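Novice: Return atomic coordinates for the entry below.
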Amino acid sequence: MPISATGKKPLSLGLLQARSTRGFTLIELLVVMVVIGITVALIAPNFLPDDATLIKREAQTTALKLEYAYSYAESTGIPIAWLPKENASEFQELDETGHWKTLSNNGQLTATFLPQEMTWGKQDRIIFVPGDAAPEYQIQLSLRNKTLSLQGNALGKVGLKKLDGDKAK
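Specialist: You can find the predicted model right below:
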């Protein structure tokens, strides 16, 4: 049997292969998964917005789109309508035949889908007619126990208010 210069027997190749394919035990894998699970559980709530933030963000986006719709109607001379649906809303324009058609090629006035569980209050179509004052309206947006109101005035400006009447922050 050959002996190395150190006087020890060299390791056989079969013994090295057995050690390198050993892997992790089931307990080691479970411990790692538990640590990862606890870490995700502690960190995830910091990245997910709460209901108040979600509803405020959606209300602000809708307010900006409604203000833009009024300006767009005034500048193009084409009547524009905002139509709420169950979990979405869309903008429409009045075509030459007097029918409302959905705007699809306007980057600002595209359909909007509400986040899950968010709903519009009962609301009819809001129509912005060029040359007229903007219609005054109030739209309610709700998510679980949070509700915000969007209030449009005759100048085309939209404000946000909590349902109890305090200004939304």
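Novice: just the strands in this protein please.
Specialist: Remark: strands assigned in the chain by DSSP state E are 80-84, 88-94, 100-102, 112-113, 118-120, 126-128, 137-143, 146-152, 158-162.
Novice: Same list, those strands, but as JSON lines with distance to T61 and mean pLDDT please.
Specialist: All C-beta atoms are positioned from the backbone trio N, CA, C, and that covers glycine. Listed next are these as JSON lines, based on distance: least, CB to CB, whole Å; pLDDT from 0 to 100:
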{"stretch": "strand 80-84", "distance to T61": "13", "mean pLDDT": "94"}
{"stretch": "strand 88-94", "distance to T61": "10", "mean pLDDT": "93"}
{"stretch": "strand 100-102", "distance to T61": "18", "mean pLDDT": "93"}
{"stretch": "strand 112-113", "distance to T61": "7", "mean pLDDT": "90"}
{"stretch": "strand 118-120", "distance to T61": "12", "mean pLDDT": "91"}
{"stretch": "strand 126-128", "distance to T61": "16", "mean pLDDT": "94"}
{"stretch": "strand 137-143", "distance to T61": "10", "mean pLDDT": "92"}
{"stretch": "strand 146-152", "distance to T61": "10", "mean pLDDT": "92"}
{"stretch": "strand 158-162", "distance to T61": "11", "mean pLDDT": "90"}
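Novice: could you dump the ones you listed to CSV with distance to L29 and mean neighbour count?
Specialist: As requested, the strands of the chain are arranged in CSV below (distance: least, CB to CB, whole Å; neighbours: other CB atoms under 10 Å):
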stretch, distance to L29, mean neighbour count
strand 80-84, 50, 21
strand 88-94, 44, 18
strand 100-102, 52, 13
strand 112-113, 40, 14
strand 118-120, 40, 17
strand 126-128, 57, 21
strand 137-143, 39, 18
strand 146-152, 42, 19
strand 158-162, 49, 17
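Novice: ok, the residue nearest in space to the middle of the chain to A59 distance?
Specialist: A centroid search over the chain (CA atoms, centre = their mean) returns P115, at 5.8 Å, as the residue closest to the centre. According to CB to CB, to the nearest Å, P115 and A59 sit 12 Å apart.
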